[in-house]
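In: sequence and predicted structure, then a few things I'm wondering about:
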Amino acid sequence: MNIARGPVWHQQQKKQGIIPNGLHNLDQEATWSYSPADGWIYGHGTFCLTSHEIPVLGLFVWMPNSAHEARRLAAEIVRYPSLIETVCMDSKADDQKLYFGLKDDHHIRLITRPRRGKNKSASRKKMIREMWTPANRIIFRQRSTTVEPMQGLVKQLFDLERCWMHGNANNRWLFAAMGVTVQMAQRRAWLDNQSTWNIRHSVFGI
């Protein structure tokens with residue numbers, strides 16, 4: 001989640017379409033969302049995919065702050081069934097329809113941390129039994145050294161804690177440009193047998 005450029009538009013006022021007097025430079029298209037790590041954020045979201053074996057950025061694009069990440073995940077990865085065997089995501093992807101849909105229709109294995117107290121139905125118990133094995137837990141832990149730091153790398157490179165621009169369209173093309181820039185730099189680093197993390201010089205020439 002990235003904080004919107006300009007002031008905050010409080011949720012109740014946004015729902016009612018009320019812009020208080022004196023609230024200037026407001027991004028009216030930003031949305032509210034919450035995470036345990038960051039709390040409530042008014043702004044724009046980014047959707048990030050990263051490969052596990054070789055730490056390179058697969059995708060970095062705009063999405064609404066309030067969008068459903070698991071649905072976006074499915075929409076993105078089903079386009080590459082021959083390239084993706086396993087995909088890991090946080091507990092927002094803990095959905096048995098998503099799990100069995102990826103498995104049965106696209107032969108993609110989903111690994112996510114099951115939510116506690118939700119293993120009541122037979123299909124859900126089957127999902128947890130198949131998915132949350134000791135071997136899969138080891139794979140899932142790779143997220144902490146690949147996916148999460150990769151999104152942090154992009155945000156750090158471009159100082160993206162706060163959005164550069166207003167609106168969905170502006171941030172959509174800007175985030176995509178940031179992602180492509182990182183991909184180009186990482187490809188160069190990989191071809192030169194260098195770290196795909198230390199790319200600041202390739203991106204900025206400094």
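Out: Good, I have the coordinates.
In: now do the residue nearest in space to the middle of the chain against residue 147, distance only.
Out: Most central in the chain under CA atoms, centre = their mean is residue 47, positioned 3.3 Å from the mean C-alpha point. Using CB to CB, to the nearest Å, one gets 11 Å for the distance from residue 47 to residue 147. The C-beta positions use only the backbone N, C-alpha and C, and glycine is treated the same way.
In: likewise residue 60?
Out: 11 Å.
In: tell me the helices and strands packed up against the lengthiest helix in the chain.
Out: Longest helix of the chain, by residue count under DSSP state H: helix 168-191. Under the contact criterion of 3 or more CB pairs under 8 Å, 6 or more residues apart in numbering; DSSP states H and E, helix 168-191 touches strand 39-50, strand 57-64, helix 147-157, helix 200-204.
In: these into JSON lines, with extra columns for mean pLDDT and distance to residue 11?
Out: Compiled in JSON lines, the helices and strands packed on helix 168-191 are given as follows (pLDDT from 0 to 100; distance: least, CB to CB, whole Å):
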{"stretch": "strand 39-50", "mean pLDDT": "92", "distance to residue 11": "8"}
{"stretch": "strand 57-64", "mean pLDDT": "92", "distance to residue 11": "14"}
{"stretch": "helix 147-157", "mean pLDDT": "90", "distance to residue 11": "24"}
{"stretch": "helix 200-204", "mean pLDDT": "91", "distance to residue 11": "36"}
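In: looking at those, which is closest to residue 91?
Out: Nearest to residue 91 among the helices and strands packed on helix 168-191 is helix 147-157; the distance by CB to CB comes to 13.7 Å.
In: just the angle for the closest one relative to strand 57-64, thanks.
Out: 70 degrees (axes from the mean of the first three to the mean of the last three CA atoms, to 10 degrees).
In: list the buried residues in the least confident helix or strand in the chain by mean pLDDT.
Out: Taking mean pLDDT, DSSP states H and E as the measure, the chain has helix 69-77 as its least confident helix or strand, at a mean of 86. If you call a residue buried by 16 or more other CB atoms under 10 Å, then helix 69-77 has these buried ones: 69-70, 72-74, 76-77.
In: same thing with stretch 124-136?
Out: Quick answer for stretch 124-136 (16+ other CB under 10 Å): 124, 127-128, 131, 136.
In: next, count neighbours for residue 21.
Out: Per other CB atoms under 10 Å, the neighbour tally for residue 21 reads 5.
In: you'd agree residue 131 is up against residue 99?
Out: Yes - counting by CB atoms under 8 Å, residue 99 is a contact partner of residue 131 at 6.6 Å.
In: what do these two both touch?
Out: Common neighbours of residue 131 and residue 99 (criterion: CB atoms under 8 Å, 6 or more residues apart in numbering): 110, 112.
In: just how off-centre is the least confident helix or strand of the chain within its chain?
Out: Between the centre of helix 69-77 and the centre of its chain there are 10 Å (CA atoms, centre = their mean, to the nearest Å).
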